[in-house]
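Engineer: Sequence first, then the predicted structure, then my questions.
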Amino acid sequence: MRHYRIESPYPRKNPELFARVRECIRRRSVLGPWKKVCLERRRQEQEKQALESPNKDTTNKTESETPEEATSVPAGDPLLAQKEAEVKELEIKLEELLEKKHIQFGLLKAILIEEARAKAKPPVSQVPEPNPAMPPQPPTS
């Protein structure tokens with residue numbers, strides 16, 4: 001990455017530049033999120049252009065309406081109505097399965113977190129500690 005040197009705006013060295021920088025900083029702080037401001041201005045310009053030329057919008061609307069009409073089911077076809085009902089049932093079933101999956105993953109996450117916490121704790125000694133009342137006996141061989 002290259003580093004460029006920018007002349008610092010000292011008021012005594014170049015008062016015009018210093019005033020300009022101060023003005024830019026003030027303007028920027030007033031604008032706030034400048035990307036949002038730019039996008040809003042652009043959207044407003046597009047709306048103005050859309051109001052000025054309504055002919056283009058009407059052609060776009062008619063083109064977008066034709067696919068919606070093609071996908072609609074005629075009332076007289078019972079086979080298509082039956083298929084649509086099956087699709088709706090399958091979508092409902094899919095939603096139920098997704099909810100079930102999310103619940104199961106939540107439980108799995110909780111189990112894994114508990115296991116990780118158990119591993120992080122010092123292990124409990126499995127070897128019985130010698131009783132201090134009875135001294136250890138040497139092994140007999």
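Structural biologist: Perfect, I can see it now. Given the structure is predicted, the values throughout are model-derived calculations rather than measurements.
Engineer: all contacts plus neighbour counts: C-alpha atoms, from now on.
Structural biologist: Noted.
Engineer: list the contacts for residue 111?
Structural biologist: Taking Cα atoms under 8 Å, 6 or more residues apart in numbering, we find residue 111 in contact with no residue.
Engineer: which element is it on?
Structural biologist: helix 78-120 (DSSP states H and E).
Engineer: What count of nearby residues applies to residue 80?
Structural biologist: 13 (other Cα atoms under 10 Å).
Engineer: I meant to write residue 84 there.
Structural biologist: When neighbours are defined as other Cα under 10 Å, residue 84 has 13 of them.
Engineer: Pull out the buried residues from stretch 12-23.
Structural biologist: Under the neighbour-count criterion of 16 or more other Cα atoms under 10 Å, stretch 12-23 has residue 18 buried.
Engineer: Report the rounded mean pLDDT for it.
Structural biologist: Mean per-residue pLDDT for stretch 12-23: 80.
Engineer: By mean pLDDT, flag the weakest helix or strand of this structure.
Structural biologist: Sorting the helices and strands of the chain by mean pLDDT, DSSP states H and E puts helix 54-71 at the bottom, at a mean of 53.
Engineer: Give me the mean pLDDT for the helix holding residue 111.
Structural biologist: pLDDT averaged over helix 78-120 gives 91.
Engineer: Could you do stretch 26-39 as well?
Structural biologist: Rounded mean pLDDT across stretch 26-39 is 73.
Engineer: distance between the ends of it?
Structural biologist: From its first residue to its last, stretch 26-39 covers 20 Å (Cα to Cα, to the nearest Å).
Engineer: repeat for stretch 22-40
Structural biologist: Termini of stretch 22-40 sit 25 Å apart (Cα to Cα).
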